[in-house]
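>>> Okay, structure incoming, though there's no sequence with it:
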């Protein structure tokens, strides 16, 4: 009996060893932190709040991966600079811009961001950039709801959407794994990082606030074995399958549209990263009569990325975004098109 158990145990070890060797030969590896460096001076430019991340006020010089150096300016209201400060007495119509790091302008200086260029093109309006790295549609909804209840209502809300926002809305296991990696890169031990998540229940939804570090437990020894790391990756994919139906995005977009109607605000949804599944949200917006336009460049062209240092949109991509939005406002003959400067050099038709 003991001999049979020993043989069985030895066979199991041989099987595990052979599986591990085969996976390594096939290119699979144990989990390892990616090489990444983010340094801002004079202090850290990002902080924490109930939405996950907030912009700390001040002027910063940021260096990503020892080479992508850019200047960042944050206001007291957790917004990024969009140009010269305009006096409130001008009573200009407001444009609120919401989005993630793509719209915030990760990797480019203030004057190169799409909201800054949009402000240049619309001198008769006031553009406010509420985009923050790590945000999804849920954070945009919560910020919009708060802004409409406490501040002057904008004339236009631009919600910049990408399908990868859905994993952020739901706080899927795959996204929390990315956040976990970020914490490891920053060498933070058991931080308290609160993020909102949306829980769907048929036609209703609930918003919860959770400490994402406590939400994620990687499989033991994934840093030692490619096989365990592969199983952990597959586990994340299975547990994140609800991301694929985009129900959270649809619910949030519908709720944002209702908010805008209640406050007599125009809503424009833009697609900032065209992908194979982008048609799902485009079709939804068409069905719900929500204004929608794709402003995405062809990101297979490396000039639209901050390569080799970072994968975020480059200054060229931000100009493409701004050109597309301004062109849309003019071509649709919205009331806002009258705000466009007579100097149309920004447009690339």
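Done, it's in. Everything numeric here is computed off the predicted structure, so don't read it as measured data.
>>> quick one, strands of the stretch 151-300 of the chain?
Assigned by DSSP state E, counting those that start in this stretch, the stretch 151-300 of the chain shows strands spanning 156-161, 194-201, 204-211, 266-271, 291-294.
>>> Let me know the angle separating the second one from strand 204-211.
What that stands for is strand 194-201. 150 degrees (axes from the mean of the first three to the mean of the last three Cα atoms, to 10 degrees).
>>> So for strand 194-201, what gets flagged as buried?
Judged by neighbour count (16 or more other Cβ atoms under 10 Å), strand 194-201 contains these buried residues: 195-198, 200. (C-beta placed from N, C-alpha, C; glycine too.)
>>> ends of stretch 284-300, how far apart?
One end of stretch 284-300 to the other measures 26 Å (Cα to Cα, to the nearest Å).
>>> neighbouring contacts of that stretch?
For stretch 284-300, contacts defined as Cβ atoms under 8 Å, 6 or more residues apart in numbering pick out 160, 246, 249-250, 253-254, 257, 266-274, 278, 281-282, 304-305, 313, 316-317, 320-321, 324-325, 328, 332.
>>> Outside of the helix or strand harbouring residue 95 itself, list whatever touches it.
In the assignment (DSSP states H and E), residue 95 maps to strand 94-98. With Cβ under 8 Å, 6+ apart as the contact definition, strand 94-98 has outside contacts at 103, 114-115, 118, 122, 125-131, 135, 140, 143-144, 147, 152-160, 336.
>>> Return the members of those classed as buried.
Among the contacts of strand 94-98, those scoring as buried are 103, 114-115, 118, 122, 125-131, 135, 140, 143-144, 147, 153-160, 336 (criterion: 16+ other Cβ under 10 Å).
>>> Nearest to residue 167, out of the strands of the stretch 151-300 of the chain?
Within these, the stretch nearest residue 167 is strand 194-201; the backing value is 10.5 Å (Cβ to Cβ).
>>> so where is the stretch 151-300 of the chain shaky, pLDDT-wise?
Across the stretch 151-300 of the chain, the ranges flagged by pLDDT under 70 are 186-191.
>>> in it, which spans are helices?
165-170, 173-185, 212-215, 226-239, 247-262, 279-287 (DSSP state H, counting those that start in this stretch).
>>> Would you format those helices as CSV with mean neighbour count and distance to residue 47 included?
Output for the helices of the stretch 151-300 of the chain, formatted as CSV (neighbours: other Cβ atoms under 10 Å; distance: least, Cβ to Cβ, whole Å):
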stretch, mean neighbour count, distance to residue 47
helix 165-170, 26, 18
helix 173-185, 18, 14
helix 212-215, 16, 16
helix 226-239, 16, 28
helix 247-262, 19, 24
helix 279-287, 16, 30
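>>> would you turn the ones you listed into JSON lines with distance to residue 80?
JSON lines is the format used below for these (distance: least, Cβ to Cβ, whole Å):
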{"stretch": "helix 165-170", "distance to residue 80": "19"}
{"stretch": "helix 173-185", "distance to residue 80": "20"}
{"stretch": "helix 212-215", "distance to residue 80": "24"}
{"stretch": "helix 226-239", "distance to residue 80": "31"}
{"stretch": "helix 247-262", "distance to residue 80": "21"}
{"stretch": "helix 279-287", "distance to residue 80": "25"}
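>>> to the chain's geometric centre, what's the distance from stretch 136-150?
In this view, stretch 136-150 has its centroid 15 Å away from the chain centroid, taken as Cα atoms, centre = their mean, to the nearest Å.
>>> Give me the average confidence score over that stretch.
Stretch 136-150 shows a mean pLDDT of 95 in the predicted model.
>>> list the buried ones in that stretch?
For stretch 136-150, burial by neighbour count (16+ other Cβ under 10 Å) applies to 136-144, 147-148.
>>> again with stretch 321-334
By 16+ other Cβ under 10 Å, the buried positions in stretch 321-334 come out as 321-330, 334.
>>> So which of those sit within strands?
Of those, none are assigned to strands by DSSP state E.
>>> Most widely separated two among these?
Pairwise distances across the buried residues of stretch 321-334 (Cβ to Cβ) peak at 17.6 Å, for the pair 321 and 334.
>>> Is residue 66 in a helix, a strand, or coil?
Here residue 66 is coil, with the state taken from DSSP: H, G, I helix; E, B strand; the rest coil.
>>> quick one, what contacts the residue nearest to it when sequence neighbours are not counted?
Among residues not flanking residue 66 along the chain, residue 37 sits closest, at 5.7 Å (Cβ to Cβ, 6 or more residues apart in numbering). The contact partners of residue 37, by Cβ under 8 Å, 6+ apart, come to 63-66.
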